[in-house]
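S.K.: Structure, please.
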Amino acid sequence: MITGKTKLLGVIGYPVEHSLSPLMHNAAIQAINNQQDQQSLIDYVYLPFPIKPEDLNTAIAGFSAIGVHGFNITIPHKQAIIPLLSEVSDIAQVVGAVNTVYRTNKGWVGTNTDVAGFLAPLQTYNWNWHQKVAVILGNGGASRAVVAGCAQLSFAEIHVVGRSEDKLTAFQQSWVNSPLPVNLKIHKWDELSSLIAQADLLVNTTPIGMYPNIQESPVDEAIFDNLSPGAIVYDLIYIPNPTKFIRQAQVRGAIAIDGLEMLVQQGATALELWLQQSVPVDVMRDSLCEHLGLSK
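M.R.: Just a heads-up that it's a prediction; the model follows:
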């Protein structure tokens, strides 16, 4: 029951109607309360807030005025929000983007849970990451969280593949003074054929293969044949599930991780931050699987 005492959580973006975050966060809140007695219930609701770029400053001031407890940020506000915050965490500064904001008595504090979300499924594998090679497709904002995650795991080599030489060079330069030790090399797309054979981890951070273009993949079949069967192939896309990229990997015996797990894990990390308690990750995952018609 929503009352005048209910604390507000949410996600801001434009558009934001497609976001699955309200579904999984509210499912987790309900599950927590189902395990509590009446005196221990948590009184929160998670809502989507469509905010145009030109309205961001006004909206954040409004959030302060009405006492919003915390919120997530999606496209196009992940960088634009930074000047409006009182403090930005070290990991958000490294990535150059904020996806989670919480309140303190000093004001709004921004952090980035995408890195933790990306790392969570990888950390279930007991690998010597410092001996491994990562190949990352794409050099946009999502790629930054992946590079930071691979650097935290101390990968021996991190290779980023893109189509624009100028953008690749700028991407590489942005890591030069990073507090994270990043052994980063950049490559044009035509180098992927020889590069993929070295990959212990292959990550798609591009939108290629996302709904409705479900028959597309960032990697041609012939190039995929060079992949080591024991490699991990990770797609940040979660609709469709599986993507063509993931299907290509599975046929070749690779370990496949889809974007749904990263979505769930980054959301769980944010919710734990706001609630200051553990949250039911399985409930969050199951709510999305049910919504998307996927097997749990």
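
S.K.: For Thr111, give me its contacts.
M.R.: Going by Cβ atoms under 8 Å, 6 or more residues apart in numbering, Thr111 touches 88-89, 91-92, 98-102, 273. The C-beta positions use only the backbone N, C-alpha and C, and glycine is treated the same way.

S.K.: Tell me where the protein has strands.
M.R.: 7-13, 44-50, 70-73, 87-88, 100-104, 107-111, 133-137, 157-162, 184-188, 201-204, 232-235, 255-257 (DSSP state E).

S.K.: partner strands of the shortest one, parallel or antiparallel?
M.R.: Here strand 87-88 has these sheet partners by DSSP bridges: strand 107-111 (parallel).

S.K.: Report the mean per-residue pLDDT for the strand it pairs with.
M.R.: Averaging pLDDT along strand 107-111 yields 97.

S.K.: Tell me what angle it forms with strand 100-104.
M.R.: With axes from the mean of the first three to the mean of the last three Cα atoms, to 10 degrees defining the directions, strand 107-111 sits at 150 degrees from strand 100-104.

S.K.: Distance from strand 107-111 to the middle of the chain?
M.R.: The chain centre lies 18 Å from the centre of strand 107-111; the measure is Cα atoms, centre = their mean, to the nearest Å.

S.K.: tell me which residues in that strand are buried?
M.R.: Of the residues in strand 107-111, 108-111 count as buried by neighbour count, 16 or more other Cβ atoms under 10 Å.

S.K.: ok, now stretch 8-22?
M.R.: Buried-residue list, stretch 8-22, by 16+ other Cβ under 10 Å: 8-14, 16, 19-22.

S.K.: Then stretch 30-44?
M.R.: 31-32, 44.

S.K.: re the thing from before, determine which two of the buried residues of strand 107-111 are furthest apart.
M.R.: Spatial extent of these (Cβ to Cβ) is set by the pair Trp108 and Thr111 at 10.7 Å.

S.K.: Name the residues contacting each of the two.
M.R.: With Cβ under 8 Å, 6+ apart as the test, Trp108 and Thr111 both reach 101-102.

S.K.: gap between the residue nearest in space to the middle of the chain and Thr169?
M.R.: The centroid of the chain falls nearest to Asp114 when counting by Cα atoms, centre = their mean (3.6 Å). Distance check for Asp114 against Thr169: by Cβ to Cβ, to the nearest Å, it reads 24 Å.

S.K.: What's the mean pLDDT across stretch 139-152?
M.R.: 94.

S.K.: do the same with stretch 231-250
M.R.: If you average the pLDDT values across stretch 231-250, you get 96.

S.K.: Quote the end-to-end distance of it.
M.R.: Start-to-end span of stretch 231-250 (Cα to Cα, to the nearest Å) is 10 Å.

S.K.: coming back round to it: now the strands of the chain as JSON lines including distance to Gln215?
M.R.: Listed next are the strands of the chain as JSON lines, based on distance: least, Cβ to Cβ, whole Å:
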{"stretch": "strand 7-13", "distance to Gln215": "27"}
{"stretch": "strand 44-50", "distance to Gln215": "30"}
{"stretch": "strand 70-73", "distance to Gln215": "31"}
{"stretch": "strand 87-88", "distance to Gln215": "40"}
{"stretch": "strand 100-104", "distance to Gln215": "34"}
{"stretch": "strand 107-111", "distance to Gln215": "37"}
{"stretch": "strand 133-137", "distance to Gln215": "17"}
{"stretch": "strand 157-162", "distance to Gln215": "21"}
{"stretch": "strand 184-188", "distance to Gln215": "25"}
{"stretch": "strand 201-204", "distance to Gln215": "15"}
{"stretch": "strand 232-235", "distance to Gln215": "15"}
{"stretch": "strand 255-257", "distance to Gln215": "18"}
